[in-house]
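Chemist: here you go, sequence then predicted model.
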Amino acid sequence: MDHSDFFKQSNPGRPFRHLKTQLRCYQIRSNEMTALAKLKLVNAQEDQKTPLAVRRNKLTGKIDLQIALAKAQTEGSVFAATRTKTIKDRETGLRKHVETALTVRPWWWTNPTGTVVLSLRYGSKAIEIAKGKNAIEVGSIENLVDTLLAVREAVKAGELDSQIDAASGAARASFKRK
């Protein structure tokens, strides 16, 4: 595009009014086009966040915490989860971010026969994995991380969606007014 063509298109009645401003606009537009030409442009949309997908992601995050806790326990180290909390400072009135400790309770225990048993939880409610079965027998503590990873993959694949939905409904029912 020629400079004179640009000025005629942008302001056909007065082609040379505000010449410096129009020249700057032309230079900015030509620079933007060269910068955009270097990028790969696509037509994309963000995934829909359905309530089921949100619940699945919540459970997956909690399973990740359990995996980290189980790894720390098998290695003999201490696991301390933290989260960022925004608080308002009373003296200055400004908001600031503070790291706070997060309590992570293990979802597993050792039964009287000596085997490790894992129960999945959504909030404070145990998830019924199959009809009448609410726990997974892991065997030993060494198999716990592998079992949690398998459960995590099952949750991500959507194999436990109906169970998550039922546990979520039970958890929400406890918050309703009576």
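Modeler: The structure has been received and is ready for your questions. Numbering: from 1, shown residues only.
Chemist: for the top helix by length along the chain, packing partners?
Modeler: With DSSP state H setting the assignment, residue counts place helix 51-75 as the longest helix in the chain. Secondary structure elements in contact with helix 51-75, counted by 3 or more C-beta pairs under 8 Å, 6 or more residues apart in numbering; DSSP states H and E, are strand 81-88, strand 121-122, helix 144-157, helix 161-173. To be clear about C-beta, it is placed using only N, CA and C from the backbone, and glycine gets the same treatment.
Chemist: try it again at 7 Å.
Modeler: The helices and strands touching helix 51-75, judged by 3 or more C-beta pairs under 7 Å, 6 or more residues apart in numbering; DSSP states H and E, are helix 144-157, helix 161-173.
Chemist: that helix: which residues count as buried?
Modeler: Across helix 51-75, burial judged by 16 or more other C-beta atoms under 10 Å covers 55, 56, 59, 62, 63, 66, 67, 68, 69, 70, 73.
Chemist: pLDDT value on residue 62, please?
Modeler: The pLDDT attached to residue 62 in the predicted structure is 95.
Chemist: which residues are contacting the longest helix of the chain?
Modeler: Outside helix 51-75, the residues that touch it by C-beta atoms under 7 Å, 6 or more residues apart in numbering are 78-79, 81, 104, 106-107, 122, 141-142, 144-145, 148-149, 151-152, 155-156, 161, 164-165, 168.
Chemist: re the thing from before, need the winner for burial among the helices and strands packed on helix 51-75.
Modeler: Per-stretch averages of neighbours, counted by mean count of other C-beta atoms under 10 Å, single out helix 144-157 among the helices and strands packed on helix 51-75, with a mean of 17.
Chemist: report the inter-axis angle for that one versus helix 161-173.
Modeler: 90 degrees (axes from the mean of the first three to the mean of the last three C-alpha atoms, to 10 degrees).
Chemist: all set now, cheers.
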